[in-house]
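Asks: sharing a sequence plus its predicted fold:
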Amino acid sequence: DRMKFVVSQLQDADIPVSLFIDADRHQIDASAAAGAQFIELHTGQYSEARTEASRAKELQILADGCEHAIAAHLRVNAGHGLTYWNVYPIAGLTGMEELNIGHTIISRAALVGLERAVREMKQAIQGKL
């Protein structure tokens, strides 16, 4: 009830609300029940996966979460730990609208400049890197 109240107050002030959650059905359903417009799926476990099998498992969890969120009329974003080397599969999830990727771009920009770092991330998102 508290979350629903806070979400309502923010939306009444024309502030879009996005809740940062795991790709868990209960968290997704709770976000929809609270009235959020967006969720941001936590990609940390996917990003930290050390084997192809564990990465594939985490990607499927995110894909299922994305699908469930869309069915619940939520808009879907994702982020946490995404890099040039792991972003493409997440960007390709059906219904994914936005990726939050600040740290890796800024870290790269310290070496190659912001323009090139952003250009390379755009290429990575498109699977062209």
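Replies: Structure's in. What do you need? Numbers count the residues shown, from 1 in each chain.
Asks: any idea of the pLDDT on residue 56?
Replies: Residue 56 is assigned a pLDDT of 98 by the prediction.
Asks: could you pull out the helices for this protein?
Replies: Remark: helices assigned in the chain by DSSP state H are 2-12, 25-34, 44-48, 52-71, 87-91, 102-112, 114-125.
Asks: neighbours of the nearest residue to residue 101 once chain neighbours are set aside, how many?
Replies: Setting aside the residues directly before and after it, residue 101 is nearest to residue 82 in space (CB to CB, 6 or more residues apart in numbering), at 4.8 Å. The C-beta positions use only the backbone N, C-alpha and C, and glycine is treated the same way. The tally of other residues near residue 82 (other CB atoms under 10 Å) stands at 26.
Asks: that older thread, dump the helices of the chain to TSV, plus mean neighbour count.
Replies: Output for the helices of the chain, formatted as TSV (neighbours: other CB atoms under 10 Å):
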stretch	mean neighbour count
helix 2-12	13
helix 25-34	17
helix 44-48	18
helix 52-71	16
helix 87-91	19
helix 102-112	13
helix 114-125	15
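Asks: turn those helices into TSV, columns for distance to residue 19.
Replies: As requested, the helices of the chain are exported to TSV (distance: least, CB to CB, whole Å):
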stretch	distance to residue 19
helix 2-12	8
helix 25-34	5
helix 44-48	16
helix 52-71	10
helix 87-91	18
helix 102-112	19
helix 114-125	23
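Asks: which among the ones you listed is found nearest to residue 18?
Replies: Nearest to residue 18 among the helices of the chain is helix 25-34; the distance by CB to CB comes to 9.0 Å.
Asks: what is that closest one packed up against?
Replies: With contacts taken as 3 or more CB pairs under 8 Å, 6 or more residues apart in numbering; DSSP states H and E, helix 25-34 sits against helix 2-12, strand 18-21, helix 52-71.
Asks: can you list contacts of it?
Replies: 3-4, 7, 19, 21, 39, 65, 68-69, 72-74 (CB atoms under 8 Å, 6 or more residues apart in numbering).
Asks: of all the helices and strands packed on helix 25-34, which one is nearest residue 122?
Replies: Nearest to residue 122 among these is helix 52-71; the distance by CB to CB comes to 20.9 Å.
Asks: if the residue nearest to the spatial centre of the chain is in a bridge, with which residues?
Replies: Closest residue to the average C-alpha location of the chain: residue 78 at 0.2 Å, with CA atoms, centre = their mean. Beta bridges link residue 78 to residue 41, residue 99, judged by DSSP bridges.
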